[in-house]
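S.K.: Attaching a predicted model along with its sequence, questions to come.
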Amino acid sequence: MRIIPKVAAVLAALLAPLPAFATQPGDTILIASDSTAANYRSGNYPQTGWGMMLSCGLSPEVRVSNHAMGGRSTRTFLSEGRWEKLLGEVTPGDTVLIQFGHNDANRAKPERWAPAQTDYRNNLLRFIWDVRTAGGTPVLVTPVARRSFGPDGKAKADFAAYSAVMRELAASTHTPLIDLESLSRAWVDRAGTEASKAYFLHYRPEDHAPGFPKGVKDDTHFSELGARNVANLVAGGLKSLNLPISVKVLDQRPALTRTTPLGKTSCQ
């Protein structure tokens with residue numbers, strides 16, 4: 001039987017091996033989270049979410065799909081259809097990082113509020129089972145610390161009840177956990193009250209920060225340098241879990257361990 005040349009070309013393309021840089025099954029990390037991890041436009045610089053920087057600590061073939069969005073809790077991530085959208089992307093072997101708590105704890109906004117022991121816990125359980133049903137691996141990530149210090153001068157946990165629920169669920173459902181709250185509190189502690197301002201949004205008008213011409217004092221959201229450091233904590237946490245994706249975390253992560261800002265949110 002004679003094969004038409006155009007058909008032969010199509011068949012050859014379909015049968016050709018994938019290029020080395022193509023994303024393979026299990027080489028995708030998806031992020032479900034809030035403003036601390038979200039993507040930001042260049043006009044918002046230096047505000048940076050840790051999810052923007054995570055790929056700088058991973059092998060080039062790993063794809064990061066960041067679904068994090070400012071102001072979202074487990075409740076609104078579900079009610080707005082964001083979870084369903086993320087879940088529609090999950091393929092067998094993928095890893096889903098789940099970090100919520102900051103907005104779940106906001107009683108002043110009932111549409112966001114999810115009490116730790118009830119709604120928050122139930123929503124996390126749904127996330128875990130949904131990801132597993134889709135063939136992915138859920139990873140719980142306790143809420144990242146704020147620049148918040150107690151009377152003893154030590155960084156404190158502003159979302160302790162939510163982190164406690166996450167830790168309990170991780171143990172009871174055998175779900176991998178990155179205790180980012182503990183890791184980031186230690187990181188803020190090491191920096192101290194003054195030096196830690198460089199990791200968050202503390203800028204004067206004369207600093208001419210593009211996204212904050214009038215200056216800003218924000219102890220929740222990260223600067224470029226802060227986001228790089230938190231992404232490094234998350235990458236290190238992934239590395240220690242011994243999951244299939246763990247081997248794709250770089251041993252050396254110079255883009256995430258910078259001590260001075262690069263002035264942009266690229267890896268180099």
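M.R.: Ah, there it is.
S.K.: Just the terminal-to-terminal distance for stretch 115-122.
M.R.: 10 Å (Cα to Cα, to the nearest Å).
S.K.: likewise stretch 77-95?
M.R.: End-to-end distance of stretch 77-95 (Cα to Cα): 18 Å.
S.K.: Residue 224 is in contact with residue 46, isn't it?
M.R.: Yes. Residue 224 lies in contact with residue 46 (Cβ atoms under 8 Å); the separation is 4.9 Å. To be clear about C-beta, it is placed using only N, CA and C from the backbone, and glycine gets the same treatment.
S.K.: between the two, what contacts are shared?
M.R.: Common neighbours of residue 224 and residue 46 are listed as residue 261 (criterion: Cβ atoms under 8 Å, 6 or more residues apart in numbering).
S.K.: what's the single longest strand in this protein?
M.R.: strand 216-222 (DSSP state E).
S.K.: For the helix or strand that that strand is followed by, what does the pLDDT average out to?
M.R.: Per DSSP states H and E, strand 216-222 leads on to helix 224-240 as the next helix or strand towards the C-terminus. Regarding helix 224-240, the rounded mean pLDDT is 98.
S.K.: Just the CA atoms of helix 224-240, as CSV, please.
M.R.: C-alpha atoms of helix 224-240 as CSV (Å, rounded to 0.1, in the frame of the first residue of the first chain):
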residue,chain,number,x,y,z
GLU,A,224,12.1,39.4,45.5
LEU,A,225,14.8,38.4,48.0
GLY,A,226,12.2,37.0,50.4
ALA,A,227,10.4,35.0,47.7
ARG,A,228,13.7,33.5,46.6
ASN,A,229,14.5,32.4,50.1
VAL,A,230,11.0,31.0,50.8
ALA,A,231,11.2,29.1,47.5
ASN,A,232,14.5,27.7,48.6
LEU,A,233,12.8,26.4,51.8
VAL,A,234,10.1,24.8,49.8
ALA,A,235,12.6,23.2,47.4
GLY,A,236,14.6,21.9,50.3
GLY,A,237,11.5,20.5,51.9
LEU,A,238,10.6,18.7,48.6
LYS,A,239,14.1,17.3,48.4
SER,A,240,13.9,15.8,51.8
